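Enquirer: Mind folding the following:
(one chain, ligands or ions: 1)
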Amino acid sequence: MLRRVVDWIDERAHVRDLYREQMVDYKVPKNLTFPYVFGVLALTTFAIQIISGIILIMYYKPLIAHAFDSTNFTIMREISFGWLFRHIHAAGANFFLAIVYLHMFTGIYYNAYKKPRELVWIIGWVIFFVLLMTALSGYLLPWGQLSYWGMVVTTEIPMSLKEAPFLKGLLGAIGETVSIWMKGGYKLEDLALGRFFGLHVLFLPLLLMILVGIHLFLVRAAGISNPDGYEIDKKAEPEKVVPFHPYMTLKEGAYAMWYLALFFFFVFFHMSHFLPADNFEPADPLKTPPHIAPEWYLLGFYEIFRSIPSKFWGFVAFNLSLIFLLILPFLDFSPIKSARRRPLFFIMFVVFVISAIALTILGTMAPTPTNAKLGMFFTFTTFLFFLSLPVISFLEWGWYKAKGGQS
Ligand code: HEM
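Expert: Predicted coordinates for the structure are as follows:
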């Protein structure tokens, strides 16, 4: 029966040809390591977020008088399995960002951002940025104490422009306008909640879907890199590649199963990590909680902003760290790819990973003078990684030419 249905569709849409062309004739390198699976795990989590989000949106009410109750009473207690979908969505947000960070570190380690994959990286960066905006806007929706105060701190960040040492009037006015625009007024109220709701449930997910589609198209166009960093000529070196299906599909499918097992272990047994107790208290604009820190995935950037004594320069450094990530393919112009074959790059990569982890940990801690100094130190080492890339590339070009163009 199924065969006849497929035959019927195939006669009209030639789906078998498409399948053969995209799944079997499409070849991938044989030597892909475990970290190459993170792209597919990100895709899996994206699907989880869309499905659980659709369920939640049916019961959520985006008005400050109802938002808290609709999340914590209607969804958590009244709707069958509402609690499960909320748990899945909240854990999914954290898993999504964790996987995307791992995917980015993999790309950096194997230098997958280099020619011919610069566009894959740039679109990836845009996805990362939009994903952070999606997480930020979603965090406000339950209208708990942490949601509210987290957003107060975030919407105040552009105000740092008021402390600019130059063009104070102009930059200050821009900062204030952006901050008021984000809040929809001087205080966070219905207008802001409605706006963040619209962004979170429609605009940003749609944008993400389009961007992920472009990202995948570009990965197909450029071909997946490989851990050794040599580009494979699929026609001349057929022994180095395997068909995408069944080799990659089975391997990635198996990892996706393990990933889902881990994911649901957290969903059922360890949700307190993702739904902190403080957020089960309704937002109160008159009661500031003692510790307000952003979610873990923003802490590294937050610590860069906070560790620099001047708010303005902190704001500049925070933006610069994002920009350096974006222009990575142009900072690192060495002809040699993959940290496996680049000892200097490998050392700086380790410095970068340690700095990113240290900044994230420091972001959770009180801003004592010692912590502020440590924050400044790791901000410096983070920037050192980016700024060392042109120097390493220059040296490696020298070695490359000395070897007669052999890498
Ligand atoms: C929703 C988020 C994302 C999804 C679903 C996604 C998905 C994928 C998939 C399926 C691949 C191919 C297989 C692989 O190497 O894993 C891939 C490759 C790639 N992605 Fe992403 N990605 C996402 C975000 C990002 C981000 C944020 C960046 C970087 C800023 C990025 C950079 C790359 C690069 C450079 C490659 C090529 C890897 C290679 O050829 O070795 N991606 N992505």
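Enquirer: For the closest residue to the ligand within the stretch 151-300 of the chain, grab the count of nearby residues.
Expert: Going by CB to the nearest ligand atom, the ligand is nearest to Ser225 of the stretch 151-300 of the chain, at 3.4 Å. For the C-beta atoms, the positions are set from N, CA and C on the backbone; glycine is no exception. Ser225 has 26 neighbours, counted by other CB atoms under 10 Å.
Enquirer: give me every residue that touches it.
Expert: For Ser225, the contacting residues are 29, 110-112, 117, 337-338, by CB atoms under 8 Å, 6 or more residues apart in numbering.
Enquirer: quick one: which of the residues you listed is nearest the ligand?
Expert: Ala112 (3.5 Å).
Enquirer: Could you give the number of residues near Asp25?
Expert: The burial count for Asp25: 12, using other CB under 10 Å.
Enquirer: So Met151 belongs to a strand, correct?
Expert: No: according to DSSP: H, G, I helix; E, B strand; the rest coil, Met151 belongs to no strand; its state is helix.
Enquirer: confidence score at the nearest residue to it once chain neighbours are set aside?
Expert: The shortest distance from Met151 to any non-neighbouring residue, by CB to CB, 6 or more residues apart in numbering, is to Leu140 (4.8 Å). On the pLDDT scale, Leu140 is placed at 95.
Enquirer: Confirm for me that Leu140 is in contact with Val152.
Expert: No: between Leu140 and Val152 there is no contact under CB atoms under 8 Å: 10.0 Å.
Enquirer: Looking at these two, which has the bigger crowd around it?
Expert: Neighbours per residue (other CB under 10 Å) separate Leu140 from Val152, with Leu140 holding more: 26 against 16.
Enquirer: Contacts only, for that one.
Expert: Residues in contact with Leu140 (CB under 8 Å, 6+ apart) are 147-148, 150-151, 188, 192-193, 196.
Enquirer: Compare the residues you listed and tell me which is most surrounded.
Expert: The most neighbours of any of the contacts of Leu140, using other CB under 10 Å, belong to Tyr148, which has 27 neighbours.
Enquirer: Pull the residues that contact the helix or strand containing it.
Expert: Using DSSP states H and E, Tyr148 sits in helix 145-156. Helix 145-156 is contacted from outside by 136, 139-141, 179, 182-183, 188, 192, 196, 276, 278-279, 281-285, 287-289, 292, 294-295, using CB under 8 Å, 6+ apart.
Enquirer: Could I get the average pLDDT for it?
Expert: Averaged over helix 145-156, pLDDT sits at 91.
Enquirer: Grab the CA positions of that helix and hand them over as CSV.
Expert: Below are the C-alpha coordinates for helix 145-156, written out as CSV (Å, rounded to 0.1, in the frame of the first residue of the first chain):
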residue,chain,number,x,y,z
GLN,A,145,10.8,38.0,39.3
LEU,A,146,13.8,36.8,37.3
SER,A,147,12.1,37.3,34.0
TYR,A,148,11.2,40.9,34.9
TRP,A,149,14.5,42.0,36.5
GLY,A,150,16.6,40.2,33.9
MET,A,151,14.9,42.3,31.2
VAL,A,152,15.2,45.5,33.3
VAL,A,153,19.0,45.0,33.3
THR,A,154,19.1,44.1,29.6
THR,A,155,17.1,47.1,28.5
GLU,A,156,19.3,49.3,30.5
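Enquirer: Show the subsequent helix or strand relative to it.
Expert: The C-terminal neighbour of helix 145-156 among helices and strands, as given by DSSP H and E, is helix 168-183.
Enquirer: what is the mean pLDDT for that next one?
Expert: 92.
Enquirer: Same question for stretch 88-98.
Expert: On average, stretch 88-98 scores 98.
Enquirer: outside of it, which residues touch it?
Expert: Contacts with stretch 88-98, where a contact means CB under 8 Å, 6+ apart, come from 42, 45-46, 48-49, 52-53, 56, 131-132, 135, 138, 263, 266-267, 271, 273-275, 295-297.
Enquirer: Please spell out the PyMOL selection for the buried subset of those residues.
Expert: Buried subset of the contacts of stretch 88-98, written as a PyMOL selection, criterion 16 or more other CB atoms under 10 Å:
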select buried, resi 42+45+46+48+49+52+53+56+131+132+135+138+263+266+267+271+274+275+295+296+297
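Enquirer: Any figure for the gap between Phe377 and Gly138?
Expert: 33 Å (CB to CB, to the nearest Å).
Enquirer: Is Leu286 located within a strand, as I assumed?
Expert: No: Leu286: not assigned to a strand; according to three-state DSSP it is coil.
Enquirer: State the distance from it to His14.
Expert: Look at Leu286 and His14: by CB to CB, they are 65 Å apart.
Enquirer: residues near the residue of the stretch 301-407 of the chain found nearest the ligand, how many?
Expert: Using CB to the nearest ligand atom, the single residue of the stretch 301-407 of the chain nearest to the ligand is Leu325, 6.9 Å away. By other CB under 10 Å, 18 other residues sit near Leu325.
Enquirer: Which helix or which strand is home to the spatially closest residue to it that is not a sequence neighbour?
Expert: Closest residue to Leu325 apart from its sequence neighbours, by CB to CB, 6+ apart: Trp125 at 6.1 Å. Here Trp125 sits within helix 118-140, counting by DSSP H and E.
Enquirer: got the CA positions of that helix in PDB?
Expert: The C-alpha trace of helix 118-140 is given here as PDB (Å, rounded to 0.1, in the frame of the first residue of the first chain):
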ATOM      1  CA  GLU A 118      33.000  31.800   5.100                       C
ATOM      2  CA  LEU A 119      29.300  32.300   4.300                       C
ATOM      3  CA  VAL A 120      28.300  29.200   6.300                       C
ATOM      4  CA  TRP A 121      30.000  30.800   9.300                       C
ATOM      5  CA  ILE A 122      28.600  34.300   8.700                       C
ATOM      6  CA  ILE A 123      25.000  33.000   8.400                       C
ATOM      7  CA  GLY A 124      25.800  30.800  11.500                       C
ATOM      8  CA  TRP A 125      26.800  33.900  13.400                       C
ATOM      9  CA  VAL A 126      23.500  35.600  12.500                       C
ATOM     10  CA  ILE A 127      21.600  32.400  13.600                       C
ATOM     11  CA  PHE A 128      23.500  32.600  16.900                       C
ATOM     12  CA  PHE A 129      22.600  36.300  17.400                       C
ATOM     13  CA  VAL A 130      18.900  35.700  16.500                       C
ATOM     14  CA  LEU A 131      18.900  32.700  18.900                       C
ATOM     15  CA  LEU A 132      20.200  34.800  21.700                       C
ATOM     16  CA  MET A 133      17.400  37.400  21.000                       C
ATOM     17  CA  THR A 134      14.900  34.500  20.900                       C
ATOM     18  CA  ALA A 135      16.000  33.200  24.300                       C
ATOM     19  CA  LEU A 136      16.100  36.600  25.800                       C
ATOM     20  CA  SER A 137      12.500  37.500  24.600                       C
ATOM     21  CA  GLY A 138      11.200  34.100  25.700                       C
ATOM     22  CA  TYR A 139      12.700  34.500  29.200                       C
ATOM     23  CA  LEU A 140      10.400  37.500  29.900                       C
END
